[in-house]
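Q: This is a predicted model, with the sequence first.
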Amino acid sequence: MAVKTHTININTKGNADILDITDQVSRVVAESGLENGVITLFTPSSTSGLTTIEYESGCINDLRRLFDEIIDPGRHYAHNARWGDGNGHSHVRAALLGASFSVPFVNHRLTLGTWQQIIFVDFDNRQRRRELVVQVIGE
Amino acid sequence: MAVKTHTININTKGNADILDITDQVSRVVAESGLENGVITLFTPSSTSGLTTIEYESGCINDLRRLFDEIIDPGRHYAHNARWGDGNGHSHVRAALLGASFSVPFVNHRLTLGTWQQIIFVDFDNRQRRRELVVQVIGE
Amino acid sequence: MAVKTHTININTKGNADILDITDQVSRVVAESGLENGVITLFTPSSTSGLTTIEYESGCINDLRRLFDEIIDPGRHYAHNARWGDGNGHSHVRAALLGASFSVPFVNHRLTLGTWQQIIFVDFDNRQRRRELVVQVIGE
């Protein structure tokens, strides 16, 4: 058993920019040399999140609409009233979606479904450079 | 420390069918022979998800109502417009709920609460046969 | 590699009481003596959940408003109709937010962002004493 921790760098446009990071995560697993185990993905940020989806423009737009509807950026936010940075909705969205995500791998490959990709969602209200943590534990 | 990966097969009715999979997951932990560690549950699918709940018909119906309200299957979805398979809402629901779930175990037993069960939610719009990944890491 | 499981005790006010538990979790990691690995946080309860947020009163209030809006405590719940305990909304909220959360640690420190704290949210409708599971796996 071993633990190996890497980072992945991503440039995003913000505003619910949704990026498919499956290839980058798969590469970390492959290069770890570990055969079986789990990867823990983590975004060290309070305005972004991680999940999986079928990465095609329809699903992406449908997911964006959900967040626009239930956590509308055009409303009043107590965070904005205090800090004036205009990203109150980004914080609430990120807390709901979650900053961490785990996927088992078997025979050096993630156990993802055929139509399932790992996505990073940047909810901040401006473009950002992000550094994600990808930790591999296995043997 | 060891890693052991198993699968659980489930037949679902789709349409937010909610199944209690606690016994099946507990059996994987017991049969692993490992005493302490963590299980990672993962659904290799983009139209289903995992979480915990008190598994009784009231909570189940209340959870279903939430998804019907915030991600209404009767609306337009960009995914449906592109692919015509009618399960656009299923993808959005699954991305929100999440495809993975982790639970520590101690002395061969999951650390679940008394009124807490692990559930698999199949959001697809038809019956499905599902294969979940259950990975045990521990010693 | 080793597994070490601890518990954290918390007194909450219920009713979406949101507590910053970062220091308590960090202490478990530091005292484990393990250098690199992952912590799995788990609440053995069906009326509470875990996530991260920027812990300041604006974000906290904005997150509470989201739950009040999409899972309104003042409505009818099938759970309440069956059991009469008035916390039907608490169960739905907890199932949506999720009972487990994982964070990698490196050099004895959690990989959290500067403005990111781990929060425990007690959705129950009364004050509670809670015992969370914190499991450290690493080397």
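A: Yes, it's here.
Q: Every contact and neighbour count from this point should use C-alpha atoms.
A: OK.
Q: Do a quick rundown of the helices in chain A.
A: With DSSP state H, the ranges of helices along chain A come out as A:22-32, A:57-70, A:78-83, A:88-97.
Q: CA atoms only for the longest one, dumped as CSV, please.
A: The one in question is helix A:57-70. Output of helix A:57-70 as CSV, limited to C-alpha atoms (Å, rounded to 0.1, in the frame of the first residue of the first chain):
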residue,chain,number,x,y,z
SER,A,57,-23.3,20.2,-24.1
GLY,A,58,-26.9,19.3,-23.3
CYS,A,59,-26.2,17.9,-19.9
ILE,A,60,-23.8,20.7,-19.2
ASN,A,61,-26.4,23.4,-20.0
ASP,A,62,-29.1,21.5,-18.0
LEU,A,63,-26.8,21.4,-14.9
ARG,A,64,-26.0,25.1,-15.3
ARG,A,65,-29.7,25.9,-15.5
LEU,A,66,-30.3,24.1,-12.2
PHE,A,67,-27.8,26.2,-10.4
ASP,A,68,-29.1,29.4,-12.0
GLU,A,69,-32.6,28.5,-10.7
ILE,A,70,-32.0,27.3,-7.2
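Q: Quick check: which ranges of chain A have low pLDDT?
A: The model of chain A has no residue with pLDDT under 70.
Q: picking up where we left off before, let me know which of the helices of chain A is the nearest to chain B.
A: helix A:57-70 (3.9 Å; Cα to the nearest Cα).
Q: near chain C, which residues of chain A show up?
A: By Cα under 8 Å from any Cα of the partner chain, the part of chain A that sits against chain C consists of A:1-3, A:5, A:40, A:42-46, A:70-71, A:77-82, A:88, A:91-92, A:94-102, A:133, A:135, A:137.
Q: how about 6 Å then?
A: A:44, A:45, A:46, A:78, A:79, A:92, A:95 (Cα under 6 Å from any Cα of the partner chain).
Q: Nearest spatial neighbour of the fourth one, chain-adjacent residues omitted?
A: To tie it back to what came earlier, the one meant is residue A:78. Leaving aside its chain neighbours, residue A:78 sits nearest to residue C:58 (4.4 Å; criterion: Cα to Cα, 6 or more residues apart in numbering or on different chains).
Q: do the same with the fifth one
A: What sits nearest to residue A:79 in space, not counting adjacent residues and going by Cα to Cα, 6+ apart, is residue C:58, at 3.9 Å.
Q: Could you dump the helices of chain A into CSV and include mean neighbour count?
A: What follows is those, written out as CSV (neighbours: other Cα atoms under 10 Å in any protein chain shown):
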stretch, mean neighbour count
helix A:22-32, 17
helix A:57-70, 18
helix A:78-83, 16
helix A:88-97, 26
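Q: Which residue ranges of chain A form strands?
A: Along chain A, counting by DSSP state E, strands occupy A:2-12, A:17-20, A:37-42, A:48-53, A:100-106, A:109-110, A:117-122, A:128-138.
Q: wouldn't the residue nearest to residue A:78 be in contact with residue A:77 here?
A: No. With contacts counted by Cα atoms under 6 Å, residue C:58 stays clear of residue A:77, the gap being 7.3 Å.
Q: Enumerate the residues of chain A near chain B.
A: A:51, A:52, A:53, A:54, A:58, A:59, A:63, A:112, A:113, A:116.
Q: and if we set it to 8 Å?
A: Going by Cα under 8 Å from any Cα, the residues of chain A near chain B are A:1, A:36-38, A:51-54, A:56-59, A:61-63, A:66, A:70, A:97, A:101-104, A:106, A:111-116, A:138-139.
Q: Sort out which of those are buried, if you could.
A: With burial judged by 16 or more other Cα atoms under 10 Å in any protein chain shown, the buried subset of these is A:1, A:36-38, A:51-54, A:58-59, A:61-63, A:66, A:70, A:97, A:101-104, A:106, A:111-112, A:116, A:138-139.
Q: circling back to that earlier point, roughly how far does the residue nearest to residue A:78 sit from residue A:14?
A: 21 Å (Cα to Cα, to the nearest Å).
Q: Now do the end-to-end distance for stretch A:109-116.
A: End-to-end distance (Cα to Cα), stretch A:109-116: 14 Å.
Q: How about stretch A:106-115?
A: 18 Å.
Q: Could you tell me how far it lies from the centre of the chain?
A: Relative to the centre of its chain, stretch A:106-115 is centred 18 Å away, using Cα atoms, centre = their mean, to the nearest Å.
Q: again, but for stretch A:97-105
A: 8 Å.
Q: neighbouring contacts of it?
A: The list of residues contacting stretch A:97-105 from outside it, by Cα atoms under 8 Å, 6 or more residues apart in numbering or on different chains, reads A:29, A:35-46, A:48-51, A:110-112, B:40, B:42, B:96-97, B:100-102, B:133, B:135, C:51-52, C:97, C:101-103.
Q: Any chance of a markdown table for the strands of chain A, columns distance to residue B:10?
A: What follows is those, written out as a markdown table (distance: least, Cα to Cα, whole Å):
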| stretch | distance to residue B:10 |
| --- | --- |
| strand A:2-12 | 32 |
| strand A:17-20 | 28 |
| strand A:37-42 | 22 |
| strand A:48-53 | 21 |
| strand A:100-106 | 19 |
| strand A:109-110 | 21 |
| strand A:117-122 | 22 |
| strand A:128-138 | 27 |
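Q: Residue C:20: which of these is closest?
A: Distance to residue C:20, taken as Cα to Cα, is lowest for strand A:100-106 among the strands of chain A, at 17.2 Å.
Q: Within the sheet, what are the partner strands of the closest one, with directions?
A: strand A:37-42 (antiparallel), strand A:109-110 (antiparallel) (DSSP bridges).
Q: Tell me which residues are up against the longest one.
A: Read that as strand A:37-42. Contacts of strand A:37-42 (Cα under 8 Å, 6+ apart): A:29, A:50, A:99-106, A:132-139, B:3, B:40, B:135, B:137, C:38, C:102-104.
Q: is the residue nearest to residue A:43 when sequence neighbours are not counted in a bridge, and if so with what?
A: Distances taken as Cα to Cα, 6+ apart place residue A:132 nearest to residue A:43, at 4.9 Å, with adjacent residues excluded. In this entry, residue A:132 is beta-bridged to residue A:8, by DSSP bridges.
Q: Fine by me, we can end here.
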